[in-house]
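>>> Generate coordinates for the sequence data below:
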Amino acid sequence: MTPAQIETSIPEVRTLAERVFQQLQDAIVRGELPPGSKITEPGLSKAFGISRGPLREAMRRLEAHRLIERVPHVGARVIKLSMEELLELFDVREALESMAARLAAEHMTAAEIAGLRELLAMHERQTDLKKGEAYFQREGDLDFHYRIVQGSHNRMLVTMLCDDLYYLVRLYRTQFSATGSRPQRAFVEHHRIVDAIEAGDAELSELLMRRHVSASRANVVDRYAATLRQTSAAT
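Numbers count the residues shown, from 1 in each chain. This is a model prediction of the structure:
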């Protein structure tokens, strides 16, 4: 099938666009496409071996998820938050995710809580976590925080945290708080949050999630500041 034929088949275009979106999103989140790096349609088209139609659809989705931005006279580049913007993002996350944990304690079903336990058991088997090297959580239902928000059963929160801000938050969580000494502590904190939710203790669930996100925020800020210092020293 030629590129022209592929683009006339709407389901196939969506399949291609979805594949490219997932690959680019993963590359951005893992830092393989660094923050601030320029990306071009010709370069990506060549790298993925596809025509411009599916690629443009994938890039529109990346832009909608705030992973890339278009800069006048520059083109598209991977998003790069300033320190102030990063702090604002984590302030919002702390407020909303702690609220989600409170609501999860009130509304999560026994089956949903059992699913959280199973998810943590799966995370515990990860080689990177065992070695203390990282704690990489895949997106969606394989992400602890995503499942907590879904468990709030509050559609407004789900929209804000699982759609609008999810990929941007995940980017900085992965690159700046998933390594070092933080992974094992974060994993223990996850278990305590689930314990509180299972006990139906809304107040404690909210408090533990707030402390958890606050600790992540502090770690991210420290590592981000160190990265900025290294960049300045190299220039």
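
>>> Tell me the spacing between Arg70 and Ala27.
18 Å (C-beta to C-beta, to the nearest Å). Yep, even glycine has a C-beta here, placed from its N, CA and C like the rest.

>>> okay, these two: which has more neighbours?
More neighbours surround Ala27 than the other of Arg70 and Ala27, with 15 against 10 (other C-beta atoms under 10 Å).

>>> Over to that one. Which of the three states is it?
Put simply, Ala27 is helix when judged by DSSP: H, G, I helix; E, B strand; the rest coil.

>>> residues contacting the closest residue in space to it that isn't next to it in sequence?
Take Ala27 and drop its neighbours on the chain: the residue closest to it by C-beta to C-beta, 6 or more residues apart in numbering is Leu33, 4.7 Å away. Counting by C-beta atoms under 8 Å, 6 or more residues apart in numbering, Leu33 touches Leu24, Ala27, Ile39, Val78.

>>> Which pLDDT does the model give the third one?
For Ile39, the model assigns a pLDDT of 88.

>>> got the contact list for the residue nearest to it when sequence neighbours are not counted?
Leaving aside its sequence neighbours, Ile39 sits nearest to Ala76 (C-beta to C-beta, 6+ apart; 5.2 Å). For Ala76, the contacting residues are Lys38, Ile39, Thr40, Glu41, Met59, Glu63, Ile68, Glu69, Arg70, by C-beta under 8 Å, 6+ apart.

>>> Now the spatially most central residue of the chain: which helix or strand?
Nearest to the geometric centre of the chain sits Arg170, at 1.8 Å (C-alpha atoms, centre = their mean). Arg170 is part of helix 166-177, with elements assigned from DSSP states H and E.

>>> Alpha carbons only: can I get that helix in PDB?
Extracted in PDB, the C-alpha atoms of helix 166-177 (Å, rounded to 0.1, in the frame of the first residue of the first chain):
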ATOM      1  CA  TYR A 166      -1.700  14.100  32.700                       C
ATOM      2  CA  TYR A 167       1.000  13.900  30.100                       C
ATOM      3  CA  LEU A 168       2.800  17.000  31.300                       C
ATOM      4  CA  VAL A 169       2.800  15.900  34.900                       C
ATOM      5  CA  ARG A 170       4.000  12.400  33.900                       C
ATOM      6  CA  LEU A 171       6.900  13.900  31.900                       C
ATOM      7  CA  TYR A 172       8.300  15.700  34.900                       C
ATOM      8  CA  ARG A 173       7.500  12.800  37.300                       C
ATOM      9  CA  THR A 174       9.400  10.400  35.100                       C
ATOM     10  CA  GLN A 175      12.400  12.500  34.300                       C
ATOM     11  CA  PHE A 176      13.000  14.100  37.700                       C
ATOM     12  CA  SER A 177      11.500  12.000  40.500                       C
END
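
>>> Could you give the average pLDDT over it?
Helix 166-177 carries an average pLDDT of 78.

>>> And stretch 201-219, by the same measure?
Stretch 201-219 comes out at a mean pLDDT of 94.

>>> buried residues in that stretch?
Residues of stretch 201-219 classed as buried: 201-202, 204-210, 212-213, 216-217, 219 (neighbour count, 16 or more other C-beta atoms under 10 Å).
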